[in-house]
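Visitor: pasting the sequence and the predicted coordinates here, then a few questions.
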Amino acid sequence: MTDERPKPKYGELAPEGWKWEPPADAEPEQPVEVEARTPAAPPAVRPAARDSAAAPASGSTRTPAPAPATATFGPDGRPVNRADRIATIALLAIGLIWTANTISSLVSLPDVMNQVMEIWGIDSAYTGTATANTAGVAGAALTFLVFALTAVYSIRRVRQNKLAFFIPVIGAVVAGLISFTVVTIAIMADPVILDTLTRVSP
């Protein structure tokens, strides 16, 4: 049995004894459960450098950077100058051959002077043998000494990783001056050669 009395309107008081009942076909309202959510942690921020170092995405290829070339360093911490070393060794080798030939010629200077006189067409024997022998031996000794000092000083600078190619060049100039001086003394010791050179010169 339903209550035929009118329902009170909004703001009106219900009559005495009125009771509200939901309709029979109405479904009871389900209580709404509020899900307690835990606040999510903020996403971690990674440095850009670490992101760039991460593995590449699928489908992309990444070529590894070439390893730096291995350099040889001297005792002073600077890279070794290979070009200077090669040039210095080559000049010392040439200087050794030249020194051996020069010493061989200086110790037999009178014979060399006789050959020179034949080439120049001088029909006479060399007469300054004693002076040529003395000058030749002295010149040979000085030439050997110059090469020895040049080689020792050059190798020392190479081991110290310092520029050394100019040392053999200086040694060659000094040795050349010694040979020129010795030959000049030998020429002046023979009056025939000296007279021939005087007449040939303008």
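Guide: Yep, that arrived. In this text, all values refer to a predicted model and were calculated from it rather than measured experimentally.
Visitor: rest of the way, CA atoms for contacts and neighbours
Guide: Noted.
Visitor: V183: how many residues sit nearby?
Guide: 20 (other C-alpha atoms under 10 Å).
Visitor: same thing with the one 3 residues further on?
Guide: The local packing of A186 (other C-alpha under 10 Å) involves 26 other residues.
Visitor: that one contacts T127, doesn't it?
Guide: No - A186 is not in contact with T127 according to C-alpha atoms under 8 Å; the separation is 9.8 Å.
Visitor: so G95 sits against F147, correct?
Guide: Yes - counting by C-alpha under 8 Å, F147 is a contact partner of G95 at 7.3 Å.
Visitor: now the element after the worst-scoring helix or strand of the chain on mean pLDDT, going C-ward?
Guide: Counting by mean pLDDT, DSSP states H and E, the weakest-scoring helix or strand in the chain turns out to be helix 48-52, with a mean of 48. Using DSSP states H and E, the helix or strand that directly follows helix 48-52 along the chain is helix 82-107.
Visitor: now that following helix: buried residues?
Guide: 84-85, 88-89, 91-92, 95-96, 99, 102-103, 105-107 (16 or more other C-alpha atoms under 10 Å).
Visitor: which element follows it toward the C-terminus?
Guide: Assignment by DSSP H and E places the next element after helix 82-107 at helix 109-119.
Visitor: show me what secondary structure element comes after that next one.
Guide: helix 129-159.
Visitor: so which elements touch that following helix?
Guide: Applying 3 or more C-alpha pairs under 8 Å, 6 or more residues apart in numbering; DSSP states H and E, we find helix 129-159 packed against helix 82-107, helix 109-119, helix 166-188.
Visitor: for the chain, give me the ranges with low pLDDT.
Guide: 1-78, 200-202 (pLDDT under 70).
Visitor: 90 instead, please
Guide: Applying pLDDT under 90 to the chain flags the ranges 1-81, 116-125, 128, 160-161, 190-202.
Visitor: just give me the neighbour total for the spatially closest residue to D123 that is not a sequence neighbour.
Guide: Leaving aside its sequence neighbours, D123 sits nearest to M117 (C-alpha to C-alpha, 6 or more residues apart in numbering; 7.5 Å). Neighbours of M117 under the rule other C-alpha under 10 Å: 18.
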